[in-house]
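Asks: Sequence unavailable; structure follows:
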C-alpha cells in the first residue's frame, strides 16, 4: 500500500511539480486520504492521494479482492484567485473515500455528490467523473494489480447534474463543449440546457 502511494505521488510530482500544500483527512473506518495542491500559472490543481491504496470493489461481491480491481485517484482543476477553493480539500477527500465507505466503483461518466457546496459560495455540490489520461498518464502496477487511473472531476451545478441524469454524461459534455463552457471557472453559471 505505501509503495503504491509513493509511486502515485511521484507520478503526480512528475506531471505537476512540487505540491505547495497538502492536507490529510481520516474518516472512521477508512484509510487516510491526502489532498495535494499544485499551483501552475493561473491554475490550481487538487489531487487525492490514498484512494488507490486498495482496489475498488463491486459492492455486490461476496468477498473483496485485496489485489485485483480498479484503482484511481481524483483530480480537480480550477482557475486561481477567483474563489476560495482551498475549502475543496475536505469534500475531495470525502469523494476519494467513497469506495471504502460506500463500496462505490468510481468510473468515467459517474456523478459524485457531496451534498453541500464544494467550497464556500460554490454553485457546485457534485462532479462528473471524466475520462483519464489527459493530465496524468495511468500508473502501471505489477500484475495482477490494475493500473492507477487519474480521473479528472468536472464540477456540475444542480441543474446540470439533473440534466445529466436524464440525458447522460456524453450529452452534458457535448453541451459544455458546444457552448464554450470554461469548466475551470470556479464561479461559472450553469450551461444553457434548453
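Replies: Here it is on my side, so go on. Worth saying up front: this structure is predicted, and the values here are computed from it rather than measured. Residues are numbered from 1 along each chain as shown.
Asks: remind me which residues of this protein are low pLDDT?
Replies: 1, 59-60, 62 (pLDDT under 70).
Asks: Do a quick rundown of the strands in it.
Replies: Secondary structure of the chain by DSSP state E: the strands cover 21-25, 33-40, 43-49, 71-79, 111-113, 126-129, 148-156.
Asks: Out of those, the one nearest residue 172 is which?
Replies: Taking Cβ to Cβ, strand 126-129 is the member of the strands of the chain nearest to residue 172, at 6.7 Å. (Glycine included, C-beta is placed from N, CA and C.)
Asks: Which strands and helices lie in contact with that closest one?
Replies: Counting contacts by 3 or more Cβ pairs under 8 Å, 6 or more residues apart in numbering; DSSP states H and E, strand 126-129 packs against strand 111-113, strand 148-156, helix 158-167, helix 169-178.
Asks: could these go into a markdown table alongside distance to residue 8?
Replies: What follows is the helices and strands packed on strand 126-129, written out as a markdown table (distance: least, Cβ to Cβ, whole Å):
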| stretch | distance to residue 8 |
| --- | --- |
| strand 111-113 | 19 |
| strand 148-156 | 6 |
| helix 158-167 | 28 |
| helix 169-178 | 25 |
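Asks: most tightly surrounded among those?
Replies: With neighbours defined as mean count of other Cβ atoms under 10 Å, those peak in mean count at strand 148-156, which reaches a mean of 24.
Asks: And that strand, how far out from the chain middle?
Replies: The chain centre lies 4 Å from the centre of strand 148-156; the measure is Cα atoms, centre = their mean, to the nearest Å.
Asks: and it with helix 158-167, angle?
Replies: Relative orientation of strand 148-156 versus helix 158-167 (axes from the mean of the first three to the mean of the last three Cα atoms, to 10 degrees): 120 degrees.
Asks: what helices or strands is strand 148-156 leaning on?
Replies: When contacts are defined as 3+ Cβ pairs under 8 Å, 6+ apart, strand 148-156 packs onto helix 2-16, strand 71-79, strand 126-129, helix 169-178.
Asks: Format these as JSON lines; extra columns: distance to residue 64.
Replies: Formatted as JSON lines, the helices and strands packed on strand 148-156 follow (distance: least, Cβ to Cβ, whole Å):
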{"stretch": "helix 2-16", "distance to residue 64": "16"}
{"stretch": "strand 71-79", "distance to residue 64": "13"}
{"stretch": "strand 126-129", "distance to residue 64": "21"}
{"stretch": "helix 169-178", "distance to residue 64": "27"}
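Asks: In contact with residue 9: list those residues for me.
Replies: Residue 9 makes contact with 36, 49, according to Cβ atoms under 8 Å, 6 or more residues apart in numbering.
Asks: Quick check, central residue of this protein?
Replies: Closest residue to the average C-alpha location of the chain: residue 74 at 2.9 Å, with Cα atoms, centre = their mean.
Asks: Apart from its chain neighbours, what residue comes closest to it?
Replies: residue 48 (4.5 Å; Cβ to Cβ, 6 or more residues apart in numbering).
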